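Novice: compute the structure for the input listed below.
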Amino acid sequence: MRKLLLLVFCQFCLLAAFAQQFSQDSAWILNNYTKKEFQIPMRDGIKLFTSVYLPKDVTEKHPILMSRTPYSCAPYGDQFTPNLWFRDYRYFARENYIIVFQDVRGRWMSEGQFVDVRPFNPDKKTNQDIDEASDTYDTIDWLIKNLSNNNGNVGIFGISYPGFYSTIGSISGHPALKATSSHAPVTDWFQGDDFHHNGAFALIDAFAFYVTAGFGYPRPIPTTKRPNVEIKLPSNDNYNTYLRIGALKNFMALTGDSVAFWKDLFAHPNRDAFWEARDIRNHVQHIPSSTATLIVGGTFDAEDCFGAWRSYAAIEKKAKNNNKLVMGPWWHGQWASQDGARFGNIRFSDNTSHFYQNEIEIPYFNYHLKGKGDISKLAEATIYFTGENKWKQFNQWPAAEKTDKAIYLQPNGKLGWDKPTGKNSFSQYDSDPQSPVPYTQD
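Specialist: Next up, the predicted model:
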């Protein structure tokens, strides 16, 4: 009991310390930043809603750090986003970055039509030929010409879907864009991110994201409100819900024609031109040598682990720019959080998120956008080895000293290095879709 009380007391003290830190950070940011909102015109006349947090400091000119998102740059109006003191943005604020959030085309308060992972168009001929790269270019051009006291250097970063906008933003070619960082970026939704795993449709991810969470519902006009999700499910329990709905056609019958990309998923069950156009790896050769890229991911990331590894590999193979990789022991987005010291009940050698934020992320952007510091120590690949519980650095990835060795299934559910000698040995189990193996919240 004494140990339990001591543990509870320590946790209470830790929470109190965090709360005090956040309170101090929020007070500092509110006192040292001004928020402005703009509707930035694109080349085809569509306006994109953009929130800008400007440092009050005028003793020097400041770089611009931008994140483009389909998830809303709320809160709208006078309120500040708490991300500025809860997440890694607080370090950029301490460095007096101009911090920019933008609702992408067709989402929330931006005009236009939204298209999921809108394909890159390398052959634009008129101002009506747009894509996310051109929207990025036009936004950057407006920002450096209209925001006072900026130093003419721009960086982009984003996690998950915003990571896709960071990668395609790298292709924009604007001379002011000096560095991007794509975190767990959506890269190829057919092969390995979110909705397909090696081509196999991940029903629960797709249905939960587009339908029950409401992401895929139409938004005819700009709005600050979430869509009204009217679908009625047979149960609040996922296990029972998916078992009772049953076949894919039954899920489709629930949604009708209201969710466009949900219909696209059904219309393109195989890898075809639709998916090829949405694989950003096919276009990274357009990243100019003047734009540095930093790809970040987590080895415990259930959503977009594939995207980080494969984006780095594609850029490394096709582009001629400065490209780096960081992979830590993180769940989806954990590298941007306060707590990188553990994954569930697995403890690591240090707070890996703080290490990344202070030793890699801030130095990377400071060097490219402020001309400050030295990143010569930033290796080509910085990878956390959970088995050894420490960071390792490599001058290439995969590591030059890597060797492949086969490991084999053995009798009685074991693994081993020796190739089995039995010619007809096997293990079997029953797989019944009507009686699947239950799972727990853990």
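
Novice: now do the same end-to-end measure for stretch 191-209.
Specialist: 18 Å (Cα to Cα, to the nearest Å).

Novice: please disregard the earlier target; I meant stretch 195-203.
Specialist: 7 Å.

Novice: residues contacting it, please?
Specialist: 189-192, 194, 205-206, 209, 242, 248, 251, 265, 269-271 (Cβ atoms under 8 Å, 6 or more residues apart in numbering). C-beta coordinates here come from the backbone N, C-alpha and C atoms, glycine included.

Novice: can you select the buried ones from those residues in PyMOL?
Specialist: Listed next is the PyMOL selection for buried residues among the contacts of stretch 195-203, using 16 or more other Cβ atoms under 10 Å:
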select buried, resi 189+190+191+192+194+205+206+209+242+251+265
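
Novice: so, low pLDDT: which residues of the protein?
Specialist: Applying pLDDT under 70 to the chain flags the ranges 1-22, 439-442.

Novice: which residues in it form helices?
Specialist: For the chain, helices defined by DSSP state H occupy the ranges 2-32, 83-86, 89-94, 132-146, 161-170, 203-207, 238-245, 248-255, 260-267, 273-277, 305-318, 352-356, 362-365.

Novice: that older thread, which of the contacts of stretch 195-203 lies closest to Ile231?
Specialist: Closest approach to Ile231 among these (Cβ to Cβ): Phe251, at 10.1 Å.

Novice: surely that closest one and Thr241 touch.
Specialist: No: applying Cβ atoms under 8 Å as the test, Phe251 and Thr241 come out as separate, 10.2 Å apart.

Novice: for the nearest residue to Leu147 once chain neighbours are set aside, give me its contacts.
Specialist: Spatial nearest neighbour of Leu147, chain neighbours left out: Ile98 (6.1 Å); criterion: Cβ to Cβ, 6 or more residues apart in numbering. With contacts defined as Cβ under 8 Å, 6+ apart, Ile98 is in contact with Val52, Tyr53, Leu54, Pro55, His62, Pro63, Ile64, Leu65, Leu143, Leu147, Asn149, Asn150.

Novice: Ile98 bridge partners, please.
Specialist: Beta-bridge partners recorded for Ile98 (DSSP bridges): Ile64.

Novice: now it: how far from Ala133?
Specialist: Going from Ile98 to Ala133 by Cβ to Cβ, to the nearest Å gives 22 Å.

Novice: give me the neighbour count for Lys61.
Specialist: When neighbours are counted by other Cβ atoms under 10 Å, Lys61 registers 14.

Novice: who are the contact partners of it?
Specialist: Going by Cβ under 8 Å, 6+ apart, the list of residues near Lys61 reads Asn149, Asn150, Asn151, Gly152.

Novice: most neighbours, which of the residues you listed?
Specialist: Asn150 leads the contacts of Lys61 on contacts (other Cβ under 10 Å) with 19 neighbours.

Novice: ok so, going back, and the contacts of Ile98, which is closest to Ser170?
Specialist: Ranked by distance to Ser170 (Cβ to Cβ), the contacts of Ile98 are led by Leu65 at 14.4 Å.

Novice: ok, how many other residues are close to that closest one?
Specialist: The number of residues packed near Leu65 is 24, by other Cβ under 10 Å.

Novice: show the contacting residues for it.
Specialist: Phe92, Tyr97, Ile98, Ile99, Val100, Val154, Gly155, Ile156, Phe157, Phe365, Leu369.

Novice: cool, and Ser110?
Specialist: Shown in contact with Ser110 (Cβ under 8 Å, 6+ apart): Ile46, Lys47, Leu48, Phe49, Gln102, Asp103, Val104, Pro222.

Novice: now neighbour count and distance to Phe426 too, for those residues, in a markdown table please.
Specialist: Shown next, in a markdown table, are these (neighbours: other Cβ atoms under 10 Å; distance: Cβ to Cβ, whole Å):
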| residue | neighbour count | distance to Phe426 |
| --- | --- | --- |
| Ile46 | 18 | 59 |
| Lys47 | 16 | 63 |
| Leu48 | 24 | 58 |
| Phe49 | 22 | 59 |
| Gln102 | 27 | 55 |
| Asp103 | 25 | 54 |
| Val104 | 26 | 51 |
| Pro222 | 16 | 59 |
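
Novice: just the ones of those in strands?
Specialist: Mapping the contacts of Ser110 onto strands (DSSP state E) picks out Lys47, Leu48, Phe49, Gln102, Asp103.

Novice: beta partners of the fourth one?
Specialist: According to DSSP bridges, the residues that bridge with Gln102 are Thr50, Arg68.

Novice: that one contacts Leu48, doesn't it?
Specialist: Yes: at 5.7 Å, Gln102 counts as touching Leu48 under the criterion of Cβ under 8 Å.

Novice: overlap in contacts of the two?
Specialist: Here Gln102 and Leu48 have Ile40, Ser110, Thr139 as joint contacts, going by Cβ under 8 Å, 6+ apart.

Novice: export these as a markdown table, with columns for distance to Lys320.
Specialist: A markdown table is the format used below for these (distance: Cβ to Cβ, whole Å):
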| residue | distance to Lys320 |
| --- | --- |
| Ile40 | 30 |
| Ser110 | 33 |
| Thr139 | 25 |
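
Novice: ok, so of the residues you listed, who is nearest Ile287?
Specialist: Using Cβ to Cβ as the measure, the one of these that approaches Ile287 most closely is Thr139, at 17.5 Å.

Novice: from Ile156, how far off is the closest one?
Specialist: For Thr139 relative to Ile156 (Cβ to Cβ), the value is 10 Å.

Novice: then Gln393?
Specialist: 25 Å.

Novice: okay, the two: which has more neighbours?
Specialist: Ile156 (30 against 12).

Novice: in contact with that one, which residues?
Specialist: By Cβ under 8 Å, 6+ apart, the contact set of Ile156 is 65-68, 136, 165-166, 169-170, 177, 179-181.

Novice: so what's it bridging to?
Specialist: Met66, Thr180.

Novice: ok, Ala341 - how many residues close by?
Specialist: Neighbours of Ala341 using other Cβ under 10 Å come to 16.
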